[in-house]
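A.B. asks: need coordinates for the following:
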Amino acid sequence: MPRSTWSPCHDSIRIAPSLLAADFGRLADAVHGLEGSGAERLHIDVMDGVFVPNYTFGVDTVRVLRRETTLPLELHLMIVEPERHLETFAAAGADGITVHYEASPHLHRTLTTIRALDCRSGAAINPSTPAIALTDVLEICDLALVMTIDPGFGGQKLIEHTLLKVAQVRREIERQSLLTEVEVDGGVEAHNARACADAGADVLVAGTAVFGHVAGPVEGVRSLRAAIDV
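C.D. replies: Numbers count the residues shown, from 1 in each chain. Predicted structure coming up:
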């Protein structure tokens, strides 16, 4: 079973700040500033410039962040052939690793490997991928991630019809009587956070809404929490 560094979030909606929107030159400061904010985990986007048209964090960044914080590190691998890098990222300190359905032709095997590395397993789908793509692997997923934007860049507007897929994934999880978390990633702001939760999301990944908040990241997290709890 994967390491239990944080509890399943079926009692309340959790917020996972995305470091993609932080100042890359001051990542350690950004992480320290979030400790005690109410954020339960950190979402780290790993991009290779091939699967998505951008480059971001690599294994060295994960190692540094692991030294800097006790917050769980949730890695979102937006890369080709993710199975080649699982052991390296797990050894660097990842608590959870999410891979894309579109980049993983042997998804069941990849998710099984992630769990064998003592990490939480996650499977993600892009906006153009139907929810049914996850049906046969949900039982070995600790996390099902529905992209609510096209991956690759931060600051995009949430694609509203993707929330229908969030609801579909939630219904399938309940049909199979699973404890898999549902996460949404992309364009999450205070004005749509409640809609994401109502669609069935357990975890909201938020970058710009947290790090771009005029009063700072802590207030960004609090603003999202207030929107969810209305």
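A.B. asks: what is the longest helix belonging to the chain packed up against?
C.D. replies: With DSSP state H applied, the helix covering the greatest number of residues in the chain is identified as helix 162-175. Contacts defined by 3 or more Cβ pairs under 8 Å, 6 or more residues apart in numbering; DSSP states H and E place helix 162-175 against strand 143-147, strand 181-185, helix 193-199. (Glycine included, C-beta is placed from N, CA and C.)
A.B. asks: out of these, the one nearest H32 is which?
C.D. replies: Of all these, it is strand 181-185 that lies closest to H32, at 23.2 Å by Cβ to Cβ.
A.B. asks: quickly run through the sheet partners of the closest one, with directions.
C.D. replies: Sheet pairing here is set by DSSP bridges, and for strand 181-185 it gives strand 143-147 (parallel), strand 203-206 (parallel).
A.B. asks: quick check: E183 touching V205?
C.D. replies: Yes: between E183 and V205 there is a contact under Cβ atoms under 8 Å: 6.3 Å.
A.B. asks: overlap of the contact sets of these two?
C.D. replies: Taking Cβ atoms under 8 Å, 6 or more residues apart in numbering as the contact definition, E183 and V205 share the neighbouring residues A16.
A.B. asks: and the strands in the protein, which stretches?
C.D. replies: Using DSSP state E, the strands assigned to the chain run over residues 14-17, 42-47, 73-78, 96-100, 120-125, 143-147, 181-185, 203-206.
A.B. asks: how about the contacts made by V169?
C.D. replies: Contact analysis of V169 by Cβ under 8 Å, 6+ apart lists A131, L134, L138, A144, V146, V182, G200.
A.B. asks: need the residues you listed in CSV with pLDDT, can you?
C.D. replies: Compiled in CSV, the contacts of V169 are given as follows (pLDDT from 0 to 100):
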residue, pLDDT
A131, 98
L134, 98
L138, 98
A144, 98
V146, 98
V182, 98
G200, 97
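A.B. asks: which of those residues lies closest to A103?
C.D. replies: Using Cβ to Cβ, L134 comes nearest to A103 of these, at 14.0 Å.
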